[in-house]
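Novice: sequence-free structure coming up:
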DNA sequence: CATACGTGGCT
DNA sequence: TAGCCAAGTAT
């Protein structure tokens, strides 16, 4: 169809002039770098990814470097990015690429989908952007852009189905599938934004049905916010006379899986009793020094921070199965959640600056 | 189809 | 302020 051809060409052309400079947008593209960037970008704003991508690639420049890394080192490098299963999956994917694909990132969607952590979107993104294949991709940006262009005020599976079908139609018409797909996402990220879209700057404002009907602000409808249960926790700062601090590794599954933390007691019903924990650990405690509150995608976490009074005996780590003593200076090398990083900062054990005190990102549109 | 899974910027 | 949402995937 002529309209679709104009849309596909218009977006690709717009991208060639308005693409943001991002560290993985090299020419030629490195498929391994594309894999890292795409996994890092899952449910994560590009500005956050751009801050962390270079460090990751510097530490693990090739898929072989990542494949032979230790899991704890990969997780530590991922600390603060969230959705930590991505780091484990990426590590496992690198090992599979070395073992099953001779160290080369596969180029077909079918092969890519066999890698852990690589779903429909990520497989399409790598196949199209790194290898130039005409494969469709749909992320949050693309779904919004295509729903608006077609004026389809639908949600859920119907919206997803429409977006994937239209993405496939359009990418098949694009002379450069990579530029079209990336342009579609870039357009959603910088122009066709969820609120206050800048239609006057849009390369497809002419064929856009939502704009013609004045519906660009109401498509798509916002999703209802899911209910959050509250998780209560008590963290204990315990130090010994040799400048070490007691830390423990979280379980391998669930929230913050495999990350390190101050010894923590959790409860769904309210804050754990400090007296009981002090008795269990055989230490006197004072606090709470502070209470840290974090809102996650699916729950609210409230943690009270206590401090053991005086140096603890060295064999205390046997009271907690997954705990060990770590020199305070080495804490920064452990993978911890952003909540734990805050707790360690408050306790004076951590010198890494908080995200809020860091310089803002320097990604600009145009 | 619903839920678990993080974090932080923006309005 | 409190939601909304971000280059989603696995179960």
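Specialist: Received, thanks. Here the structure is a predicted model, which means the values were calculated and not measured.

Novice: hey, let's count contacts and neighbours off CA atoms from now on
Specialist: OK.

Novice: contact residues of the stretch 151-300 of chain A facing DNA strand C?
Specialist: For the stretch 151-300 of chain A, the contact set with DNA strand C under Cα under 7 Å from any atom of the strand comprises A:182, A:185, A:186, A:188, A:189, A:194, A:221, A:222, A:223, A:224, A:225, A:297.

Novice: ok, now with 10 Å
Specialist: Counting by Cα under 10 Å from any atom of the strand, the positions of the stretch 151-300 of chain A adjacent to DNA strand C are A:181-190, A:192-195, A:217-228, A:295-298.

Novice: so which of these are also by DNA strand B?
Specialist: Of the residues in those, proximity to DNA strand B by Cα under 10 Å from any atom of the strand holds for A:193, A:194, A:195, A:226, A:227, A:228, A:295, A:296, A:297, A:298.

Novice: any idea of the pLDDT on the residue nearest to the spatial centre of chain A?
Specialist: Closest to where the C-alpha atoms of chain A average out (Cα atoms, centre = their mean) is residue A:44, at 4.3 Å. The pLDDT attached to residue A:44 in the predicted structure is 96.

Novice: that one in helix, strand or coil?
Specialist: coil (DSSP: H, G, I helix; E, B strand; the rest coil).

Novice: with adjacent residues omitted, what lies nearest to it?
Specialist: Computed as Cα to Cα, 6 or more residues apart in numbering, the closest residue to residue A:44 that is not its neighbour in sequence is residue A:81, at 8.0 Å.

Novice: confirm that neighbour sits in a strand?
Specialist: No: under three-state DSSP, residue A:81 sits outside any strand and is assigned coil.

Novice: can you read off the pLDDT for residue A:287?
Specialist: 82.

Novice: just the strands from chain A, written as ranges.
Specialist: Listed in chain order, the strands of chain A (DSSP state E) span A:229-237, A:244-249, A:260-261, A:264-267, A:285-295, A:299-308, A:323-327.

Novice: now these as JSON lines including mean neighbour count?
Specialist: Shown next, in JSON lines, are those (neighbours: other Cα atoms under 10 Å):
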{"stretch": "strand A:229-237", "mean neighbour count": "20"}
{"stretch": "strand A:244-249", "mean neighbour count": "22"}
{"stretch": "strand A:260-261", "mean neighbour count": "24"}
{"stretch": "strand A:264-267", "mean neighbour count": "16"}
{"stretch": "strand A:285-295", "mean neighbour count": "14"}
{"stretch": "strand A:299-308", "mean neighbour count": "20"}
{"stretch": "strand A:323-327", "mean neighbour count": "18"}
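
Novice: can I get these in CSV including distance to residue A:54?
Specialist: Formatted as CSV, these follow (distance: least, Cα to Cα, whole Å):
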stretch, distance to residue A:54
strand A:229-237, 33
strand A:244-249, 27
strand A:260-261, 24
strand A:264-267, 33
strand A:285-295, 27
strand A:299-308, 31
strand A:323-327, 28
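
Novice: nearest to residue A:154, of the ones you listed?
Specialist: strand A:299-308 (27.6 Å; Cα to Cα).

Novice: hey, what's the angle from that closest one to strand A:229-237? Just curious.
Specialist: Following axes from the mean of the first three to the mean of the last three Cα atoms, to 10 degrees, one obtains 20 degrees for the angle between strand A:299-308 and strand A:229-237.

Novice: what strands flank strand A:299-308, and is each parallel or antiparallel?
Specialist: strand A:229-237 (parallel), strand A:285-295 (antiparallel) (DSSP bridges).
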